[in-house]
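Enquirer: no sequence for this one, just the structure:
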């Protein structure tokens, strides 16, 4: 290419770069809600129950491995295995890698495309119509053509930049989908472990109840044989025993289903369930609960960050649609050599080149480009509404968890009191029955009241553990403090 040609190309390309701009709106992150508290009256300072208080530390950060606050080595082992083997997490991570590669592929549009071509051919001239194509005058000849082509679509109006911006935002969405999957996985394992511990406690209590009911029935049958008890009392006790026994299979079923779930969560089939067994006594209730400031929640929740990235992508798509309505400019150049023999390639007189620019403006398309732009704007409005809904839901989740923990503390206190009262009442009823002061139905009522109080107490304890885990989940799970992200 001669110096004059280079200057011509430079004179075309340089203004293109100087005039380049990005049409469409520039994305601005939505402002965080101005709320200073999650619930009316402010975050409570503590939730006290039955001598054990949980303190809410407003403004404190959450540890990355928040589940370690339950001080269960078995739970920690399960989560470590799940993070290594859970297929849903692996799928999300693969989707992130795919999104990253698509972003890099989109960035390639900023560079020219260079292609090399070599075309050998054997030809004949229709001498009855045309003169021979070669200087030798023979109708048969070979032609070898080698050329390099360069094509480039300058990003005059920023359409390509907006496309790459949309791809990068989509990658960001997927990045936070990974974090959401991570958080959901760890929270589900903690919830499954707490549920198992609760079910084991309920099963143990139910088995103790059944044992007590059977002992009572045996006593009544002996008394009936001696004429010291009525048949109605025996029938009532048999019914109570059957009722207690009927509550056991559903609990055992729920326990089995929970074990199956745990196995799948850690990437195993149900027949290969983990060996660890969980009891409420093996878990320690966290006493200090960090509660992030409301202004930080939009930065911490993976679902909010994913919704924000989707909003960003929708904003960039408006720019893409606007750019498509403007002139489309392309530059192409070819440089090569053509000869009738391989040895003659690149010899004197065989070179050829061409430089071409093209600008195309759509004049009429039935309104297609206009409606695509309007569709992109509607998509942005949709993403904005979905973002607001996600934020509102997130704040509701935290408020619900705080209220639940307060209610759990009150419920545990009430149920502990009820259990103690029921146990005392049952003890009195047993002594009165021995003295003949009451009939057996009174004892049966006292026994059933105690049984229900005992089960309620177990469930109240488990609810406190479960809602504590839910609070960590609703606050975002502290993915930003994870050790495996320290180098990112």
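Expert: Thanks, I have the structure now. In this text, all values refer to a predicted model and were calculated from it rather than measured experimentally.
Enquirer: where do the helices sit along this structure?
Expert: Counting by DSSP state H, the chain has helices at residues 3-19, 73-85, 87-107, 159-225, 231-246, 248-265, 294-300, 302-324, 368-435, 440-474.
Enquirer: Residue ranges in the stretch 1-150 of the chain under the pLDDT threshold?
Expert: 1-21, 51 (pLDDT under 70).
Enquirer: how close does the closest residue to residue 37 other than its chain neighbours sit to residue 220?
Expert: Nearest residue to residue 37, sequence neighbours excluded (CB to CB, 6 or more residues apart in numbering): residue 43, at 6.1 Å. The way it works is simple: take the backbone N, C-alpha and C, and place the C-beta from them, glycine included. Between residue 43 and residue 220 the computed distance is 54 Å (CB to CB, to the nearest Å).
Enquirer: With adjacent residues omitted, what lies nearest to residue 331?
Expert: Residue 331's closest residue in space is residue 152 (CB to CB, 6+ apart), at 4.8 Å.
Enquirer: residues contacting that neighbour?
Expert: 13, 111, 112, 113, 330, 331, 332 (CB atoms under 8 Å, 6 or more residues apart in numbering).
Enquirer: Distance-wise, check residue 453 relative to residue 428.
Expert: Applying CB to CB, the value for residue 453 to residue 428 is 15 Å.
Enquirer: Name the residue in those two with the higher neighbour count.
Expert: In this view residue 453 and residue 428 are compared by other CB atoms under 10 Å, and residue 453 has more residues nearby, 20 against 14.
Enquirer: pLDDT wise, what is the residue lying closest to that one once chain neighbours are set aside at?
Expert: Spatially, and ignoring its direct neighbours in sequence, residue 453 is nearest to residue 422 (4.0 Å; CB to CB, 6+ apart). With respect to pLDDT, residue 422 scores 93.
Enquirer: What's the separation between the closest residue in space to residue 212 that isn't next to it in sequence and residue 453?
Expert: Spatial nearest neighbour of residue 212, chain neighbours left out: residue 447 (6.9 Å); criterion: CB to CB, 6+ apart. Relative to residue 453, residue 447 is positioned 11 Å away (CB to CB).
Enquirer: same deal with residue 235?
Expert: Residue 235 sits 25 Å away from residue 453, going by CB to CB.
Enquirer: One more: residue 156?
Expert: Residue 156 is 77 Å from residue 453, by CB to CB.
Enquirer: Give me the number of neighbouring residues for residue 127.
Expert: Count around residue 127 with other CB under 10 Å applied: 12.
Enquirer: What sits closest to it if chain neighbours are left out?
Expert: Residue 127 sits nearest to residue 139 (CB to CB, 6+ apart), 5.0 Å away.
Enquirer: need the contact list for that neighbour.
Expert: 124, 125, 127, 132.
Enquirer: Also residue 452?
Expert: Residue 452 touches residue 422, counting by CB under 8 Å, 6+ apart.
Enquirer: ok, 10 Å please
Expert: 209, 418, 419, 422 (CB atoms under 10 Å, 6 or more residues apart in numbering).
Enquirer: Residue 25 now?
Expert: By CB under 10 Å, 6+ apart, the neighbours of residue 25 are 162, 315, 316, 318, 319, 322, 377, 380.
Enquirer: right, and residue 168 touches residue 105 too?
Expert: No - shown here, residue 168 and residue 105 do not form a contact pair, counting by CB atoms under 10 Å, at 11.8 Å.
Enquirer: Between these two, point out the one with more neighbours.
Expert: Per other CB under 10 Å, whichever of residue 168 and residue 105 has more neighbours is residue 168, with 21 against 11.
Enquirer: how much space is there between the more buried one and residue 425?
Expert: 67 Å.
Enquirer: re earlier: highest neighbour count among the contacts of residue 152?
Expert: Ranking these using other CB under 10 Å puts residue 331 first, with 18 neighbours.
Enquirer: On the strand side of things, show who it bridges to.
Expert: Here residue 331 sits in beta bridges with residue 152, residue 357, as judged by DSSP bridges.
Enquirer: Would you check that it makes contact with residue 356?
Expert: Yes - taking CB under 10 Å as the definition, residue 331 is a contact partner of residue 356 at 7.4 Å.
Enquirer: Now for these two: what residues contact both?
Expert: Common neighbours of residue 331 and residue 356 (CB under 10 Å, 6+ apart) are residue 151.
Enquirer: Just the pLDDT for the closest residue in space to residue 262 that isn't next to it in sequence.
Expert: Nearest residue to residue 262, sequence neighbours excluded (CB to CB, 6+ apart): residue 192, at 5.0 Å. With respect to pLDDT, residue 192 has a value of 97.
Enquirer: could you measure the most centrally placed residue in the chain against residue 331, distance?
Expert: Centroid check for the chain by CA atoms, centre = their mean gives residue 180 as the closest residue, at 2.6 Å. Distance of residue 180 to residue 331, given as CB to CB: 44 Å.
Enquirer: just residue 164 next, same as before
Expert: Residue 164 is 20 Å from residue 331, by CB to CB.
Enquirer: Got the phi and psi for residue 293?
Expert: phi -70, psi 150 (degrees, to the nearest 10).
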